[in-house]
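Student: next comes the sequence, and after it the predicted model I'd like to discuss.
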Amino acid sequence: MIYRLTFSCEEGDPAFRRVFEADADATFLQLHEAILKSVDYPDDQMTSFFMCNDEWEKGQEVTLVEMDSSFEYDNMVMNETRLSDLMEEVGQRLIYIFDPMFERYFFGSLKEIKPGSMNGVECVESKGKAPKQLKSEDPLAGVGGKGDDDFLFDDEFKDEYDLGDIDMEGFQDLSFDDGTMF
């Protein structure tokens, strides 16, 4: 059987869409590699697929490398899991997390199952520009309420304290290597 899968994204170019055709016996690793190639992302993130219900709630995870599994689901790894192991009917939903730090993902859906066979996975339609793979913001940005990169030393802090008044001499003798702190 040949699966036709469509992926889109809520951010960036509204025209973004990738359509793949895959042999039902292809692995999630092959789909992962085809997605990365179609959007020109490097393969250097701990990406995952999640099977989803009709409300896009996450279910079974398929990870790039073996990890501890939850009690609810078995640990499934991309290179060992075939698409047909988890996808059986048209309309099946899944997400592909491409930015694990900010949990950004592509929404996927099994659009068609047709007879036949092919080798692996192939991108058959590519529209729009993919969003940047990784956000450049610091995940802690905004913790101080201002959203700037220097949130620890925002204007309010600088007005209240003069950084020149901090006695740096007292900190020079601290060493964490000799075990005297604890």
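Tutor: Yep, it's here. Small disclaimer: the values here were computed from a predicted structure and weren't measured. Residues are numbered from 1 along each chain as shown.
Student: a strand runs through Glu125, doesn't it?
Tutor: Yes: counting by DSSP: H, G, I helix; E, B strand; the rest coil, Glu125 is part of a strand.
Student: apart from its chain neighbours, what residue comes closest to it?
Tutor: Of all residues not flanking Glu125 in the chain, Val19 sits nearest, at 3.7 Å (CB to CB, 6 or more residues apart in numbering). Where you see a C-beta, it was placed from the backbone N, CA and C, and this is true even at glycine.
Student: check contacts around the one you found.
Tutor: Val19 makes contact with Arg4, Leu5, Thr6, Phe7, Lys111, Cys123, Val124, Glu125, Ser126, according to CB atoms under 8 Å, 6 or more residues apart in numbering.
Student: which residues does the third one contact?
Tutor: Okay, so that is Thr6. Contact criterion CB under 8 Å, 6+ apart gives Arg17, Arg18, Val19, Phe20, Gly108, Ser109, Lys111 as the residues in contact with Thr6.
Student: residue boundaries of the helices in the chain?
Tutor: 28-39, 83-86, 155-160 (DSSP state H).
Student: deepest-packed of those helices, please.
Tutor: Comparing the helices of the chain by mean neighbour count (mean count of other CB atoms under 10 Å), helix 28-39 comes out on top with a mean of 20.
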